[in-house]
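> Here is a sequence with its predicted model. Questions after.
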Amino acid sequence: MYRWNTQHPSPMPSHRYRDVYARVPVPLSERDWPANRLTQAPLWVPVDLRDGNQALAEPMDPERKRRFFELMVEMGYKEIEVGYPSASQTDYDFVRLIAETGLAPEDVTIVVFTPARRDLIERTAESVAGMPNPVVIHLYAATAPVWREVVLGRDRDELKALIVAAGEDVLRLAGDRVRFEFSPEVFNLTEPDYVLDLCSTMTELWDASPDRPVILNLPATVEVATPNVYADQIEYVSKNLDRRDSVILSVHPHNDRGTGIACAELALLAGAQRVEGCIFGNGERTGNVDIATLALNLHAQGIDPMIDFSDIDRIRRTVEHCTRLPVHERHPYVGDLVHTAFSGTHQDAIRKGLAEHRARAAAAGVPERELEWRVPYLPVDPADLGRTYEAVIRVNSQSGKGGIAHLLSTGYGVELPRRLQIDFARHVQRHTDRTGAEVTAKELWELLQEVYLDAPAVSGEVLERATCPTASGEVLAFVEYAAPDGRGWIGGRGRTEAEATAEALARVG
């Protein structure tokens, strides 16, 4: 232990757990993914209506499922997992609603989910009968050793036989517009040679071709390792699959370690082409990967996410209504506070950055929305997501003169001179320390009037004067004075600069 690290062993029983390398072979020794770059969006597949719905204390009723589905279509998703029709009548009925009402545009692919059991596969195929849209039947089975031994009670050969028989049932029951997806559940804890054997068997059984590719979905069903390990596992499969040009390689990360987003991004570098997840990350335990954050991470790197998040607050309201789950205030991109600065240094940098952005756009003669974005502390322009700049800077006891000046400027058109900003910031600091609360633009305006415009006359020598108009057309004047007990400021107001200045000067005896 380094001398500077004085931490002591904890009482946590960490010896009970094994790292991933002791649980599953990770065979990749030479890897390409660290040198790769993300250049385009994958195929996004929201699973909110199935995987996300399973994780809700109150599963969505038909009205909520329909509203959520309509939202996803409006946003531009072209492949949507809509349910687990063999698991509940509600899911079955919703799939039939899509099949019978034309609820889905013709270019939207409908995905339905089924375990590897004949009766459940038959029920699933029945639910999509007559579906006018393209359909994917998603077959899954848990393949990791602990699941095989403890849950299923089968060895590798027995489980493979079960999966092949299920694949044959799916093939027998599928129509012309049906494609196939297979998930070796808990892929990230399954032996790599077994994964390749199962996947190659299924692509052969389903006769995968470039014109009718099979989706092989490799889930991190329970996160167990750092994201680089998942990337290694994905790259190994991608490089060693049979019929690779006839396979859409998909990933489905969960978030048990809090690294689901990193796992998905590294998996894309490693060869994945499709990502399953939930908008804002709902799902079992700590959730599925958040495909809204993933998409907007691409947007922030100059890559079109191929999904429309330009009214993110409406999207959030709809998701919250449908799931009955609130989105956290600090949730990336969509939380109420993610574009907000309370810190004085951050506020000053943002205020200057916004001013520079406006000036640069004016000088170039282009709209602000078209100009390269480089405002400090704001990774994306809030306007891209339908947000205004009004809530970007908010004032509390941690704030400084820059934030105060910004709120007065945007709220009342008042541009205080710098030295007056410094003086007024001291008054605001005393106020916020006393109340412990955030201060609104309205409260700042009232405090400004109380401190300078409604203050009693003083005796002193005039040092400096300044005027500034307000958004209402009124003019404010401020005079700095020197008195026996120190310097201060006092103000006046009027319809003109001369009238406001005369009032301010008259209050300095």
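That came through fine. Residues are numbered from 1 along each chain as shown.

> Relative to residue 503, how far out is residue 303?
In this view, residue 303 and residue 503 are 57 Å apart by C-beta to C-beta, to the nearest Å. Where C-beta positions appear, they are placed from N, C-alpha and C, glycine not excepted.

> Among the two, which residue is more densely surrounded?
For residue 303 versus residue 503, neighbours defined as other C-beta atoms under 10 Å are more numerous around residue 503 (18 against 15).

> List the contacts of the strand or helix carrying that one.
Element membership for residue 503, per DSSP states H and E: helix 497-506. Helix 497-506 has contacts (C-beta atoms under 8 Å, 6 or more residues apart in numbering) with 457, 462, 465, 467, 474-479, 490-494.

> My guess is residue 66 contacts residue 95. True?
No. Using C-beta atoms under 8 Å, residue 66 makes no contact with residue 95, being 12.0 Å away.

> Of these two, which one has the most company?
Using other C-beta under 10 Å, the more surrounded residue of residue 66 and residue 95 is residue 95, with 23 against 18.

> Show the backbone phi and psi for that one.
Backbone geometry at residue 95, expressed as degrees, to the nearest 10, gives phi -60, psi -40.

> by contact count, what packs against the helix or strand of the chain with the lowest mean pLDDT?
Ranking every helix and strand in the chain by mean pLDDT, DSSP states H and E puts helix 401-412 at the bottom, with a mean of 83. Counting contacts by 3 or more C-beta pairs under 8 Å, 6 or more residues apart in numbering; DSSP states H and E, helix 401-412 is packed against helix 344-364, helix 418-435, helix 441-448.

> can you list these in JSON lines and add distance to residue 282, mean pLDDT and mean neighbour count?
Shown next, in JSON lines, are the helices and strands packed on helix 401-412 (distance: least, C-beta to C-beta, whole Å; pLDDT from 0 to 100; neighbours: other C-beta atoms under 10 Å):
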{"stretch": "helix 344-364", "distance to residue 282": "30", "mean pLDDT": "89", "mean neighbour count": "16"}
{"stretch": "helix 418-435", "distance to residue 282": "36", "mean pLDDT": "87", "mean neighbour count": "16"}
{"stretch": "helix 441-448", "distance to residue 282": "35", "mean pLDDT": "91", "mean neighbour count": "18"}
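
> Now those in CSV, please, with extra columns for distance to residue 117.
Shown next, in CSV, are the helices and strands packed on helix 401-412 (distance: least, C-beta to C-beta, whole Å):
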stretch, distance to residue 117
helix 344-364, 55
helix 418-435, 62
helix 441-448, 61
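
> Of all the ones you listed, which one comes closest to residue 408?
Nearest to residue 408, of all the helices and strands packed on helix 401-412, is helix 441-448, at 5.8 Å by C-beta to C-beta.

> which residues are contacting that closest one?
Contacts with helix 441-448, where a contact means C-beta under 8 Å, 6+ apart, come from 395, 404, 407-408, 410-412, 414, 424, 427-428, 431, 439.

> okay if I get the residues you listed as TSV plus distance to residue 15?
Listed next are the contacts of helix 441-448 as TSV, based on distance: C-beta to C-beta, whole Å:
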residue	distance to residue 15
395	50
404	54
407	54
408	59
410	57
411	58
412	62
414	63
424	59
427	58
428	54
431	54
439	52
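
> Among those residues, which one lies nearest to residue 365?
Of all the contacts of helix 441-448, residue 410 has the smallest distance to residue 365: 24.1 Å, by C-beta to C-beta.

> thought the closest one was touching residue 389?
Yes. Between residue 410 and residue 389 there is a contact under C-beta under 8 Å: 7.2 Å.

> so residue 221 makes contact with residue 190?
No. The pair residue 221 / residue 190 is not scored as a contact, 9.8 Å apart, by C-beta under 8 Å.

> Low-confidence bits of the protein, can you list those?
Residue ranges of the chain with pLDDT under 70: 1, 390-400.

> how does it look with 80?
Low-confidence segments of the chain, defined by pLDDT under 80: 1-2, 341-344, 347, 389-403, 509.

> before we move on, back to that, tell me what angle the least confident helix or strand of the chain forms with helix 418-435.
Helix 401-412 runs at 90 degrees relative to helix 418-435, counting by axes from the mean of the first three to the mean of the last three C-alpha atoms, to 10 degrees.

> Check which residues of helix 401-412 are buried.
For helix 401-412, a neighbour-count test (16 or more other C-beta atoms under 10 Å) marks 401-410, 412 as buried.
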